[in-house]
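Visitor: Generate coordinates for the sequence data below:
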Amino acid sequence: MTLFDGISARLVDTDRLSVNVLERTGDDPATSPEHTVVFVHGNVSSSLFWQEIMQDLPSDLRVLAIDLRGFGGTEHMPVDATRGVRDFSDDVHAALEALGIPTAHLVGWSMGGGVVMQYALDHPVLSLTLQSPVSPFGFGGTRRDGSRLTDDDAGTGAGGANPDFVQRLTARDTTDEAPTSPRSVFRSGYVAAGYASENEDVWVESMLSTSTAGGNYPGDAVASPNWPGFAPGTIGVLNTMAPRYFDVSGIVDLAQKPPILWIYGTADAIVSDASFYDLNHLGALGVIPGWPGEDVAPAQPMVSQTRDVL
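Guide: Residues are numbered from 1 along each chain as shown. As a prediction, the model looks like this:
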């Protein structure tokens, strides 16, 4: 695990699993919750992605970043997708409890945005910062109002994962020889065109820490009579965000509403009203054959859904 200057890592044992946590050396463990910031990464990544911003934040804060189960240095336990992202959010809560942190400011990126919203539904938080968060209605398979397109959420979940990308994750492929290599996916999906970083090897290392063991990434799929022919199963990372299991739109009904800062990129290829990871959008573009049309399988307006809910 490549750690930047001033960043340390340790395993925190909880009653659920062992959780890897990054911290800044010199931060005071007695810092109040009001000055504590906890970062939660997204899908196919880890806490390593947060290191630059951890270094840059003011020294009077206590700053931590947590690896979710099956990512980074945290224990690779199966994910029960029927609980939505609650396995992840409960793990974060268990880690903070073990660290003696009753509440904090939570920052979540992509899937991690969904994790911190679920956390806020179940536990007190001081604020949420959502960086390109998954829609409050999950990933794929819903209309703008959050209603589901099919009873089985066809076209969402683990069946949408590219098998060659999964294989290259498993093989720890660091090359850019194919569009499906993790490095190529980082360049095409995680950052804007033309972005360059001297730390790209670390970001790829972070992606390659993703467990592809059973019950982790991507998960299982089942056959569907609806286009494109598959639906989410019950285990694994991608299925946690299927609409039947995931809905955090109730965040606006909390009696104690935390302040929320929502950040998104207009060039984002993943979380978008025209996502290149949404099979319905790819069908409309002709990338996937047999698309049944806008009335049956419209693209999910992810950003608009988030705006509507918030």
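
Visitor: C-alpha only now, for contacts and for neighbours.
Guide: OK.

Visitor: Just the mean pLDDT for stretch 178-189, thanks.
Guide: Stretch 178-189 shows a mean pLDDT of 97.

Visitor: hey, C-alpha coordinates of that stretch in PDB?
Guide: Extracted as PDB, the C-alpha positions of stretch 178-189 are listed here (Å, rounded to 0.1, in the frame of the first residue of the first chain):
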ATOM      1  CA  ALA A 178      -6.700  -2.700 -23.600                       C
ATOM      2  CA  PRO A 179      -9.700  -0.300 -23.100                       C
ATOM      3  CA  THR A 180     -10.800  -2.700 -20.300                       C
ATOM      4  CA  SER A 181      -7.600  -2.600 -18.300                       C
ATOM      5  CA  PRO A 182      -8.000  -0.800 -15.000                       C
ATOM      6  CA  ARG A 183      -5.600   1.900 -16.000                       C
ATOM      7  CA  SER A 184      -7.500   2.600 -19.200                       C
ATOM      8  CA  VAL A 185     -10.800   2.600 -17.300                       C
ATOM      9  CA  PHE A 186      -9.300   5.100 -14.800                       C
ATOM     10  CA  ARG A 187      -8.400   7.400 -17.700                       C
ATOM     11  CA  SER A 188     -11.700   7.100 -19.500                       C
ATOM     12  CA  GLY A 189     -14.100   6.900 -16.600                       C
END
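
Visitor: List of residues touching that stretch?
Guide: Residues outside stretch 178-189 that contact it (C-alpha atoms under 8 Å, 6 or more residues apart in numbering) are 162, 164-165, 168-169, 173-177, 193, 195, 204, 207-208, 268-270.

Visitor: which parts of it are buried?
Guide: 180-189 (16 or more other C-alpha atoms under 10 Å).

Visitor: so of those residues, which ones are in helices?
Guide: Counting by DSSP state H, those place 182-185 in helices.

Visitor: So which residues of this structure form helices?
Guide: For the chain, the helices defined by DSSP H cover 51-56, 86-98, 111-122, 163-170, 182-185, 200-207, 279-285, 302-309.

Visitor: Leaving out the residues flanking it, which one is nearest to residue 172?
Guide: Once flanking residues are discounted, residue 172 sits nearest to residue 208: 5.7 Å by C-alpha to C-alpha, 6 or more residues apart in numbering.

Visitor: Just the buried subset of the contacts of stretch 178-189, written out for PyMOL, thanks.
Guide: Listed next is the PyMOL selection for buried residues among these, using 16+ other C-alpha under 10 Å:
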select buried, resi 165+168+169+173+174+204+207+208+268+269+270
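
Visitor: Setting aside sequence neighbours, what's the nearest residue to residue 60?
Guide: Residue 60's closest residue in space is residue 35 (C-alpha to C-alpha, 6+ apart), at 7.3 Å.

Visitor: thinking again about what came up before, same list, the buried residues of stretch 178-189, but as TSV with distance to residue 22 please.
Guide: Listed next are those as TSV, based on distance: C-alpha to C-alpha, whole Å:
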residue	distance to residue 22
180	29
181	27
182	23
183	23
184	26
185	25
186	22
187	25
188	27
189	25
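
Visitor: Sort out which one of these lies nearest residue 41 for me.
Guide: Comparing these against residue 41 with C-alpha to C-alpha picks out residue 186 as the nearest, at 14.5 Å.

Visitor: circling back: save the ones in helices among the buried residues of stretch 178-189 as JSON lines, and put in distance to residue 212 too.
Guide: Converted to JSON lines, those look like this (distance: C-alpha to C-alpha, whole Å):
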{"residue": "182", "distance to residue 212": "13"}
{"residue": "183", "distance to residue 212": "17"}
{"residue": "184", "distance to residue 212": "19"}
{"residue": "185", "distance to residue 212": "17"}
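
Visitor: how near is the most centrally placed residue in the chain to residue 217?
Guide: For the chain, the residue nearest the mean C-alpha position is residue 111 (1.9 Å; C-alpha atoms, centre = their mean). To residue 217, residue 111 is 13 Å away according to C-alpha to C-alpha, to the nearest Å.

Visitor: Repeat that for residue 98.
Guide: Residue 98 is 26 Å from residue 217, where distance means C-alpha to C-alpha.

Visitor: higher neighbour count, those two?
Guide: In this view residue 98 and residue 217 are compared by other C-alpha atoms under 10 Å, and residue 217 has more residues nearby, 25 against 14.

Visitor: Hmm, residue 235 and the more buried one touching each other?
Guide: No - between residue 217 and residue 235 there is no contact under C-alpha atoms under 8 Å: 9.1 Å.

Visitor: thought residue 140 was touching residue 244?
Guide: No - proximity of residue 140 to residue 244 does not meet the contact threshold set by C-alpha under 8 Å, at 10.9 Å.

Visitor: Many thanks, have a good one.
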